[in-house]
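Trainee: Sequence first, then the predicted structure, then my questions.
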Amino acid sequence: MNLLKDLKFKKSNKTPLYLQIANSLTYNISKGSIKMNEKLPSINVFSKEYKVSRDTVEKAYNVLKDKKIIIGIKGKGVYINRTKLISKINILFLVNKLSTYKLETYHSFLKNISNEYHTDFEIYNSEKSFCVNLMEKNKMRYDYYVIIPHFKCTNVNQINIKNDALKAITSIPREKLVLMDNNELTIDGDIIEIYQDFENDIYNALKNGLKKTANYKRLNLVIPEGKTYPYFHKIRRGFIKFCNEHLFNFKILNKIQEDESINSRQLFITISDDDLVKLLDIIKTKRLTIGQDVGIISYNETPFKRLLDIAVISTDFEKMGETAADMIINNKKGKIKNPFTLIDRNSI
């Protein structure tokens, strides 16, 4: 093929022009139209022939250099370095833990992203060092980095992302960065961010269910202790704010004990599914009636909770994945709050 005539890209396309050029070159390399060790036109020649800026061509070439597809040889030019590659836009999807709701977000993302994209999936178990290592290992290998940045902390005051993780995340070019679920990082620049507002979300959800929660004498928030996450502290603040403003008697528990004293007209809000199961066992043993003697609201929707008719306060995890895919495909930037709601069921 003639590299100065046959490449296909459109200036009117929503995908950035430099990515179109890089993708067109990648496609032709993968199908064999451009051969191993073939020399590419210089930036000046390419810019003149295709009537695009030098900066655009340079950015396109840098994308291919970062992926080791092309290589620059001093004094000689730029050459094809390898031809065995995936002719798609590559995405790394980094999730903090393997849970029903995180998988729902991931599967929704895969469902809504087009076939032009290839997505790799990694789990870092909410460990900062593991996440940093994964980002360093895969630095510049992907066109987009979708990250759910939740990290464990041991100190109640440790609510910010530590410098090493933040540094690794901010080292990713802004146009490649997609942050989901957590708005704690406050990264400037033109990025994609779909987040939960944990403090105000629980406050507003409980406020919307005030007619039912008002039937209970005490509200109990069951939130794990030990190695937790910064957003736990936000949930706690939102809960306390709601209780104080609406004059509720309340208590915060670290876990459900096997001998937990459960009296009639108490409402429990559980964060952990383990605590939810323990609570259900105790209620069954004491022969109490859920939704009458004892109220239950669980955090985050799952099929298990739908089956048991347990009320939940939850973000829309499917919508989160759908929004991220849409913003990537259509080259949208910005920060979007994901929908959060109280799903009322017979447990309250």
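Mentor: In hand now; what should we look at?

Trainee: Show me which residues of the helix or strand where Lys251 lies are buried.
Mentor: If you go by DSSP states H and E, Lys251 is part of strand 249-253. Neighbour-count burial for strand 249-253 flags Phe250, Leu253 (criterion: 16 or more other C-beta atoms under 10 Å). The way it works is simple: take the backbone N, C-alpha and C, and place the C-beta from them, glycine included.

Trainee: helices or strands next to it in the packing?
Mentor: strand 218-222, helix 230-245 (3 or more C-beta pairs under 8 Å, 6 or more residues apart in numbering; DSSP states H and E).

Trainee: Can you list the buried residues in the longest one?
Mentor: It stands for helix 230-245. 230-236, 238-243.

Trainee: And the shortest one, by the same measure?
Mentor: Of the residues in strand 218-222, Leu219, Asn220, Leu221, Val222 count as buried by neighbour count, 16+ other C-beta under 10 Å.

Trainee: now what about it, what contacts it?
Mentor: Applying C-beta atoms under 8 Å, 6 or more residues apart in numbering, the external contacts of strand 218-222 come out as 213, 235-236, 239, 243, 248-256, 265-272, 275, 279.

Trainee: Spell out which strands sit alongside the strand holding Lys251 in the sheet and which way each one runs.
Mentor: Using DSSP bridges, strand 249-253 pairs in its sheet with strand 218-222 (parallel).

Trainee: Just the CA atoms of the strand it pairs with, as CSV, please.
Mentor: Taking C-alpha atoms only, strand 218-222 is exported to CSV below (Å, rounded to 0.1, in the frame of the first residue of the first chain):
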residue,chain,number,x,y,z
ARG,A,218,-33.7,3.0,66.6
LEU,A,219,-31.6,2.8,63.5
ASN,A,220,-28.5,0.7,63.5
LEU,A,221,-25.7,1.1,60.9
VAL,A,222,-23.5,-2.1,60.8
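
Trainee: what's the helix or strand of the chain with the lowest mean pLDDT in contact with?
Mentor: Least confident helix or strand of the chain, by mean pLDDT, DSSP states H and E, is helix 163-170 with a mean of 80. For helix 163-170, contacts defined as C-beta under 8 Å, 6+ apart pick out 128-129, 131-132, 135-136, 147, 149, 151, 161, 177, 179, 185, 187.

Trainee: Are any of those residues buried, and if so which?
Mentor: Lys128, Cys131, Val132, Met135, Ile147, Pro149, Phe151, Ile161, Leu177, Leu179, Leu185, Ile187.

Trainee: Assess the claim that the last one and Leu177 are in contact.
Mentor: I take that to be Ile187. Yes - with contacts counted by C-beta atoms under 8 Å, Ile187 reaches Leu177, the gap being 7.4 Å.

Trainee: on that earlier part again, so which of the contacts of helix 163-170 are in strands?
Mentor: Per DSSP state E, strands hold the following members of the contacts of helix 163-170: Ile147, Leu177, Leu179.

Trainee: contacting residues around the residue lying closest to Leu219 once chain neighbours are set aside?
Mentor: In space, and not counting its chain neighbours, Leu219 is closest to Phe250: 4.6 Å by C-beta to C-beta, 6 or more residues apart in numbering. Taking C-beta under 8 Å, 6+ apart, we find Phe250 in contact with Arg218, Leu219, Asn220, Leu221, Phe239, Ile240, Cys243.

Trainee: Over to Asp293?
Mentor: Ser264, Arg265, Ile283.

Trainee: Would you mark the buried spots in the least confident helix or strand of the chain?
Mentor: In helix 163-170, counting by 16+ other C-beta under 10 Å, buried: Ala165, Leu166, Ala168, Ile169.

Trainee: what's the most distant pair in these?
Mentor: Leu166 and Ala168 (7.4 Å; C-beta to C-beta).

Trainee: between the helices and strands packed on strand 249-253, which gets nearest to Tyr50?
Mentor: Nearest of the helices and strands packed on strand 249-253 to Tyr50, taken as C-beta to C-beta: helix 230-245 at 47.4 Å.

Trainee: would you list every one of the helices in the chain?
Mentor: Secondary structure of the chain (DSSP state H): helices at 17-30, 43-50, 54-66, 100-112, 128-137, 163-170, 198-208, 210-213, 230-245, 273-285, 303-307, 317-329.

Trainee: Which residues belonging to the last one are considered buried?
Mentor: Looking back up the chat, that one is helix 317-329. Buried, per 16+ other C-beta under 10 Å, within helix 317-329: Phe317, Glu318, Lys319, Met320, Gly321, Glu322, Thr323, Ala324, Ala325, Met327, Ile328, Ile329.

Trainee: of these, closest to His118?
Mentor: Ile328 (12.5 Å).

Trainee: Which residue is the nearest non-sequential neighbour of Ile147?
Mentor: Using C-beta to C-beta, 6+ apart, the nearest residue to Ile147 is Leu94, at 4.6 Å.
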